[in-house]
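In: prediction below, plus the sequence it came from.
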Amino acid sequence: MNKQKRIAAIHDISGFGKCSLTVVLPILSAAGIEVSMIPTAVLSSHTGGLPNYAYRDLTADMSGFVKQWKELDLQFDALYSGYLGSYEQIAIVSDLFDTFKTEDNFIIVDPVMGDNGVLYKTVTAEMAEGMAQLCLKADLIVPNFTEAAFLLGEKFREGPYTRDYIEDLLRRLSALGPKQVVITGVWFSADLLGAVGYSRETENVSYAFSQKIKGRYHGTGDIFASALLSGILNGMGLDNAIQLAADFTAGCIRRTSEAKTDARFGVNFEAGLTRFMRQLGITEE
Ligand code: PXL
């Protein structure tokens, strides 16, 4: 058995409505990755359409994690940040990147900020600017079109998208710092939805699509990014990892749509884990 890979995951815990750490942890664990986590906030549910959520910001607690982990001399194969609870957390995560980045590991920033052209309830314009600074340090970023627009300080554009618009966006996002950019929520026509990836080194652009299902299912950005990271850490190239993540996410949406579950409650990713593990070659038998 090879030595297990280990990541540091910096996201919130939303008690209800599957997203952030409640999907990051099971997906990466299924992919054979050891996950160490720094919770950025604890909520009774995510903030997307579920009213009256309880919210505890953990900004004051995060530096203690970094301090002890540094004393333990922990090594990580990837540093993976997502939803942040306050503007101050951007500097803390930036410090964590400086502390644990090595020549052999990489940083993935999912700049979780908003969807459909609007910021999530707890995300301020100041945080959006700070998130762009954090992306400077990333090797790979995974925005949706809303987040891409906020990172570049420009207006959100509704789909359908064109290849010219997307490929220009990819290059400009990569110019912010990250060598690789993956954008989610790509669609050219009503029947297909997917993602696109770009590597600055090769200038390679690759798309992955599956059947589009109507509705806006919560937590799918976190699921996609976690599945993408799972593929990469298991040795896949970016193109194959995007395809793996797109297929996994599409399966989650399909199952949830068939079950007619409330889209705010999150998707059924659990039933897709066995196949996912098989695709990654994780299962022992
Ligand atoms: O899935 C993104 C996300 C993560 N965490 C919290 C959220 C959201 C989106 O609404 O509210 C707390």
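Out: Received it, and whenever you're ready, just let me know what you need.
In: which strand or helix spans S226?
Out: Per DSSP states H and E, S226 falls inside helix 220-233.
In: what packs against the next helix or strand after that helix?
Out: Per DSSP H and E, helix 220-233 leads on to helix 238-259 as the next helix or strand towards the C-terminus. Counting contacts by 3 or more Cβ pairs under 8 Å, 6 or more residues apart in numbering; DSSP states H and E, helix 238-259 is packed against strand 180-186, strand 192-199, strand 204-211, helix 220-233, helix 273-280. All C-beta spots, glycine's among them, are computed from the backbone N, C-alpha and C.
In: can I get the CA coordinates of the longest one in PDB?
Out: Which is helix 220-233. The C-alpha trace of helix 220-233 is given here as PDB (Å, rounded to 0.1, in the frame of the first residue of the first chain):
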ATOM      1  CA  THR A 220     -22.800  21.000  -6.400                       C
ATOM      2  CA  GLY A 221     -19.800  23.500  -6.800                       C
ATOM      3  CA  ASP A 222     -18.200  22.000  -3.600                       C
ATOM      4  CA  ILE A 223     -18.900  18.500  -4.800                       C
ATOM      5  CA  PHE A 224     -17.400  19.200  -8.200                       C
ATOM      6  CA  ALA A 225     -14.200  20.800  -6.700                       C
ATOM      7  CA  SER A 226     -13.800  17.900  -4.200                       C
ATOM      8  CA  ALA A 227     -14.200  15.300  -7.000                       C
ATOM      9  CA  LEU A 228     -11.700  17.200  -9.200                       C
ATOM     10  CA  LEU A 229      -9.100  17.300  -6.400                       C
ATOM     11  CA  SER A 230      -9.700  13.600  -5.800                       C
ATOM     12  CA  GLY A 231      -8.900  12.800  -9.400                       C
ATOM     13  CA  ILE A 232      -5.800  15.000  -9.400                       C
ATOM     14  CA  LEU A 233      -4.400  13.500  -6.200                       C
END
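In: report the angle between the axes of it and helix 273-280?
Out: Relative orientation of helix 220-233 versus helix 273-280 (axes from the mean of the first three to the mean of the last three Cα atoms, to 10 degrees): 30 degrees.
In: between helix 220-233 and strand 180-186, how big is the angle?
Out: Using the same axes, to 10 degrees, helix 220-233 lies at 140 degrees relative to strand 180-186.
In: gap between helix 220-233 and the chain center?
Out: Centroid displacement of helix 220-233 relative to its chain, using Cα atoms, centre = their mean, to the nearest Å, is 6 Å.
In: and that helix, what does it pack onto?
Out: If you count contacts as 3+ Cβ pairs under 8 Å, 6+ apart, helix 220-233 packs onto strand 6-16, helix 21-30, strand 78-81, strand 180-186, helix 238-259, helix 273-280.
In: average pLDDT for that helix?
Out: The pLDDT scores in helix 220-233 average 98.
In: ditto for stretch 205-215
Out: 95.
In: which of the residues in it are buried?
Out: 205-210 (16 or more other Cβ atoms under 10 Å).
In: what do you get for stretch 150-158?
Out: Neighbour-count burial for stretch 150-158, counted by 16+ other Cβ under 10 Å, picks out 150-151, 156.
In: endpoints of it, how far apart?
Out: 14 Å (Cα to Cα, to the nearest Å).
In: any part of the helix holding S226 near the ligand?
Out: Yes: counting by Cβ under 6 Å from any ligand atom, the ligand has neighbours in helix 220-233: 221-222.
In: one more: stretch 250-267?
Out: No: judged by Cβ under 6 Å from any ligand atom, stretch 250-267 makes no contact with the ligand; its nearest approach is 8.8 Å.
In: and that stretch, how far out from the chain's middle?
Out: 19 Å.
In: average pLDDT for it?
Out: Stretch 250-267 shows a mean pLDDT of 97.
In: can I get the helices and strands packed on helix 220-233 in JSON lines including mean neighbour count?
Out: Converted to JSON lines, these look like this (neighbours: other Cβ atoms under 10 Å):
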{"stretch": "strand 6-16", "mean neighbour count": "22"}
{"stretch": "helix 21-30", "mean neighbour count": "21"}
{"stretch": "strand 78-81", "mean neighbour count": "25"}
{"stretch": "strand 180-186", "mean neighbour count": "24"}
{"stretch": "helix 238-259", "mean neighbour count": "21"}
{"stretch": "helix 273-280", "mean neighbour count": "16"}
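In: the ligand contacts on the stretch 1-150 of the chain?
Out: 12, 14, 19-20, 43, 46-48, 83, 112, 120.
In: same thing but at 8 Å, please
Out: Applying Cβ under 8 Å from any ligand atom, one finds that the stretch 1-150 of the chain approaches the ligand through 11-12, 14, 17, 19-20, 41, 43, 45-48, 53, 82-83, 112, 115, 120-122.
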